[in-house]
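*Asks:* Attaching a predicted model along with its sequence, questions to come.
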Amino acid sequence: MVAAAGIKITKVSVSKLLTMSLENIPFGKYFTDHMLEADYVNGAWTNVSIKPYQALQLDPSLAAIHYGQSIFEGIKAYKNQEGEAAIFRPDENFKRFNLSAERMCMPQVPEEIFMEGMRQLIELDKDWIPNMKDHALYIRPFMFSTDALLGVRPSESYKFLIILSPTGPYYAKPMKILVEENYTRAAPGGVGFSKNAGNYGGSMMAAKMANKQGYDQVLWTDAHEHKWLQEVGMMNVFFLINGVAITPSLEEGTILHGVTRKSVMTLLKEMGIKVEERRINVDELVAAYQSGQLQEVFGTGTAATIAPIQELKYKDHVMPFDLSKFTVSPAIKQQLDDIKEGRVADIHGWMYKI
């Protein structure tokens, strides 16, 4: 069949849901019955379809494999109290996706494919949305270059897909974080603000080394001095210092324009908490901790939503936190959960109904 937006739909004959449970499901391991696929060829998007989830057949010389033109987004869909499906702020992800595409010399994906295609795909697979606490349907739009050619230049052809994965909590417990002093995630003029695959591949060594020291992830610092704080692992980060919420500025282009970050800033201000977007130095953080003014540290992102940090380490400074005294980040998480799951009015218009 062909949908209203010209998207051809081919349905599975039998759903995989009949043989599996969505309870206690790990993040990103299982995928729904269908996926969306589209090709960019000769300067235009074509072959837009929703089809059964399946493997791709790729040429060994695929440009994306050799030269890294690959971007993605992370979005979540939820069910409200009436069982209606809705997506959290996908318009922001749509804009950020095309911002990443521009930086990586890739074509823009039009709204009728990204947004309407996503809506139709989730409408088809909405029974896969778990109806449990801290569970959701994770949405992964992604695009990669498909020229079968060895040569360092922007590709002339691309493939865009959306796949869906029912998921539980990303982090099962509060995190222990090591301040990174050797490896670099991003520098001014680079691609730190974009969600390209290389940013994540390049971060794995630092995380691996932190794991060996008993830490879950790293708090990234700048490339020049290794003093100015950026992101925590794959998330934006907030520091509550003497009642003020501070998050690193986006101005240098080294930090992702987080959708959850943006939402948290709105809710913090509504709670009467002052929010500062600015450069923050690790020495300022240590001094705030030693003076008793560093009250809370937490990460924000689509996968984790709000991830409390129970310990920071910088050089010889080990900074544990009493999570029972955290009040702001749990309150923000509860507000976000209530909005996403329809327990309170969506006064900001953040939920995009299917």
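*Replies:* Structure received.

*Asks:* so where do the strands sit in the stretch 151-300 of the chain?
*Replies:* Using DSSP state E, counting those that start in this stretch, the strands of the stretch 151-300 of the chain run over residues 158-167, 175-179, 217-221, 229-232, 236-241, 244-247, 274-277, 294-301.

*Asks:* could I get those as TSV with mean pLDDT, mean neighbour count and distance to Pro90?
*Replies:* All C-beta spots, glycine's among them, are computed from the backbone N, C-alpha and C. What follows is these, written out as TSV (pLDDT from 0 to 100; neighbours: other CB atoms under 10 Å; distance: least, CB to CB, whole Å):
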stretch	mean pLDDT	mean neighbour count	distance to Pro90
strand 158-167	97	22	11
strand 175-179	97	22	27
strand 217-221	98	24	26
strand 229-232	98	25	22
strand 236-241	98	24	18
strand 244-247	98	20	23
strand 274-277	98	14	24
strand 294-301	97	24	15
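
*Asks:* Redo those as CSV? Include distance to Glu23.
*Replies:* Below are the strands of the stretch 151-300 of the chain laid out as CSV (distance: least, CB to CB, whole Å):
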stretch, distance to Glu23
strand 158-167, 10
strand 175-179, 24
strand 217-221, 27
strand 229-232, 29
strand 236-241, 30
strand 244-247, 34
strand 274-277, 37
strand 294-301, 24
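
*Asks:* out of the ones you listed, nearest to Arg185?
*Replies:* strand 217-221 (4.4 Å; CB to CB).

*Asks:* Now do that closest one: distance to the chain's middle.
*Replies:* Relative to its chain's centre, strand 217-221 lies at 17 Å (CA atoms, centre = their mean, to the nearest Å).

*Asks:* what's next to it, contact-wise?
*Replies:* 175, 177-181, 183-186, 203, 206-207, 210, 227-234, 237, 282, 312 (CB atoms under 8 Å, 6 or more residues apart in numbering).

*Asks:* what does stretch 97-113 give?
*Replies:* 5-7, 36, 38, 40, 45, 48, 69-71, 73, 94, 114, 141, 143, 145, 154-155, 158, 160, 191, 193-196, 257.

*Asks:* got it, and stretch 222-230?
*Replies:* Against stretch 222-230 from outside (CB under 8 Å, 6+ apart): 179-182, 184-187, 192, 219-221, 237, 248, 254-255, 279-283, 285.

*Asks:* Restricted to helices, list those.
*Replies:* 282-283, 285 (DSSP state H).

*Asks:* returning to what we had before: quick one: which of the strands of the stretch 151-300 of the chain is nearest Ala86?
*Replies:* strand 158-167 (14.4 Å).

*Asks:* Which helix or strand contains the closest residue in space to Lys133 that isn't next to it in sequence?
*Replies:* Closest residue in space to Lys133, ignoring its immediate chain neighbours: Asp337 at 8.0 Å, by CB to CB, 6 or more residues apart in numbering. Asp337 belongs to helix 328-340 when assigned by DSSP states H and E.

*Asks:* Just list what that helix packs against, helices and strands only.
*Replies:* strand 236-241, helix 259-270, strand 294-301, strand 305-314 (3 or more CB pairs under 8 Å, 6 or more residues apart in numbering; DSSP states H and E).
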